[in-house]
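Asker: Let's see this in three dimensions:
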Amino acid sequence: MFGAEKGTAARPLDGSRLHIGIVQARFNESITNSLASACKAELAALGVPDNGIVHVLVPGALEVPLALQALAEQDKFDALIALGCIIRGETYHFELVANESGAGVSRVALDYQLPVANAIITTENLDQAIARQTDKGRDAARVAVEMANLLDELA
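Answerer: This next block holds a predicted model:
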């Protein structure tokens, strides 16, 4: 490898100078509210100020990418976070929503060169969603802060 290794994993995560946008799907609201609570608590623990967080709600996972795009176009966020919950049903709709929302989230990140932590969880049943809601919310906050700091270093 040439030069020094880039990355923030070895250092404590510092969100004190960051502006983070959160887009939360309301569908499966008990799960997404828990995701959002865990995410916001972790952002606070990482030093992201309350006035550095914008939190918007959309109907479901398919609407998340459009709201992420609208936030990205404001050019004032260091990272975005996508929160949602898709639980498998008896039809193909699960795959459609999971695939399209995931592709849309990734497209926003790449199109705007902006970190987007994807915590739209996809599970087979409600029990799996409940088991993941807190950890995935915290993970999304940590990913957003780490990637925002990394991209700032690489700029």
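Asker: hang on, Glu90 in a helix?
Answerer: No. Under DSSP: H, G, I helix; E, B strand; the rest coil, Glu90 sits outside any helix and is assigned coil.
Asker: Let me know the pLDDT of it.
Answerer: Glu90 is assigned 78 on the pLDDT scale.
Asker: before we move on, what about the one 3 residues further on?
Answerer: According to the model's per-residue confidence, His93 sits at a pLDDT of 84.
Asker: Now do the strands in this structure.
Answerer: Taking DSSP state E, the strands of the chain run over residues 20-25, 53-58, 79-87, 116-123.
Asker: Take those and lay them out in CSV including distance to Ala141, mean neighbour count and mean pLDDT.
Answerer: In this view, the C-beta of every residue, glycine as well, is placed from N, C-alpha and C. Listed next are the strands of the chain as CSV, based on distance: least, C-beta to C-beta, whole Å; neighbours: other C-beta atoms under 10 Å; pLDDT from 0 to 100:
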stretch, distance to Ala141, mean neighbour count, mean pLDDT
strand 20-25, 8, 27, 98
strand 53-58, 10, 16, 98
strand 79-87, 7, 27, 97
strand 116-123, 7, 24, 96
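Asker: Out of the ones you listed, the one nearest Arg142 is which?
Answerer: strand 116-123 (8.2 Å; C-beta to C-beta).
Asker: hmm, who's touching that closest one?
Answerer: With contacts defined as C-beta atoms under 8 Å, 6 or more residues apart in numbering, strand 116-123 is touched by 25, 31, 35, 39, 61, 64, 68, 79-88, 94, 98, 101-102, 105-106, 108-109, 129, 132-133, 136-137, 139-141, 143-144, 147.
Asker: Looking at the strands of the chain, which is nearest to Glu153?
Answerer: Per C-beta to C-beta, nearest to Glu153 of those: strand 79-87, 13.6 Å.
Asker: Adjacent strands (with direction) for that closest one?
Answerer: When pairing is defined by DSSP bridges, strand 79-87 lines up against strand 20-25 (parallel), strand 116-123 (parallel).
Asker: Tell me which of those strands lies nearest to Pro12.
Answerer: strand 20-25 (17.2 Å).
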